[in-house]
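Peer 1: give me a model of this one.
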Amino acid sequence: MKDQKLESKEFSNHATAHELKSRLNNGEPALTIIDVRDSEAFRQSRIQGAMNVPMDNLLKTAESSLEYNRDIYVYGASDEESAEAANMLRQAGFARVAELQGGINDFIKIGGSVDGIATNEDAPSPDNYNVVSRLNQFAQEKQIENTMK
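Peer 2: Presented below is the predicted three-dimensional model:
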């Protein structure tokens, strides 16, 4: 039991799209997703639940609205921009900041939930409501995730 508690507290400075999607799908609390791209890119597409905080407002907004011990996932227009934003937050005292590797593009590739005007889709297929189909899809995603590690 003690080992499980230790494992749940581990937090990496880098996160894959699969890791974030898994946390979101499991309904894990106490995490914030920050999109540091410009507001037009955010309007076009964003990870569901992400807040838009462009780089020039990042520290001011974070310091006024986020807890310093909260799990924060950051993504930008590139992995470099994500890393820059994450480093800014870490230097400001935020201890649990992860750069989302591959950003929104990798998140979309694995079927992560996204919002925005560029993400309008057709109606859901019948498979979206089929439990067996969804479990099979989840198993396939886990296999892909394991090969990425």
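Peer 1: not counting its neighbours along the chain, what's nearest Glu81?
Peer 2: Val36 (6.3 Å; CB to CB, 6 or more residues apart in numbering). All C-beta spots, glycine's among them, are computed from the backbone N, C-alpha and C.
Peer 1: contacts only, for that neighbour.
Peer 2: Residues near Val36 by CB atoms under 8 Å, 6 or more residues apart in numbering: Val53, Pro54, Met55, Leu58, Val74, Tyr75, Gly76, Glu81, Ser82, Ala85.
Peer 1: what subset of these is buried?
Peer 2: Val53, Pro54, Leu58, Val74, Tyr75, Gly76, Glu81, Ser82, Ala85 (16 or more other CB atoms under 10 Å).
Peer 1: would you mark the buried spots in the helix or strand encompassing Ile104?
Peer 2: Here Ile104 sits within helix 103-109, counting by DSSP states H and E. For helix 103-109, the neighbour count (16+ other CB under 10 Å) marks Gly103, Ile104, Asp106, Phe107, Ile108 as buried.
Peer 1: of the residues you listed, closest to Arg43?
Peer 2: Ile104 (12.7 Å; CB to CB).
Peer 1: where does this structure dip in pLDDT?
Peer 2: 1-9, 119-129, 149 (pLDDT under 70).
Peer 1: could you redo the last one with a cut-off of 50?
Peer 2: 1-8 (pLDDT under 50).
Peer 1: helices along that one, start to end?
Peer 2: Applying DSSP state H to the chain gives helices spanning 2-9, 17-25, 39-44, 58-65, 79-91, 103-109, 131-148.
Peer 1: wait, which of those helices is closest to Gly116?
Peer 2: So among the helices of the chain, helix 39-44 is nearest, using CB to CB, at 5.1 Å.
Peer 1: what packs against that closest one?
Peer 2: For helix 39-44, there is no helix or strand it packs on, judged by 3 or more CB pairs under 8 Å, 6 or more residues apart in numbering; DSSP states H and E.
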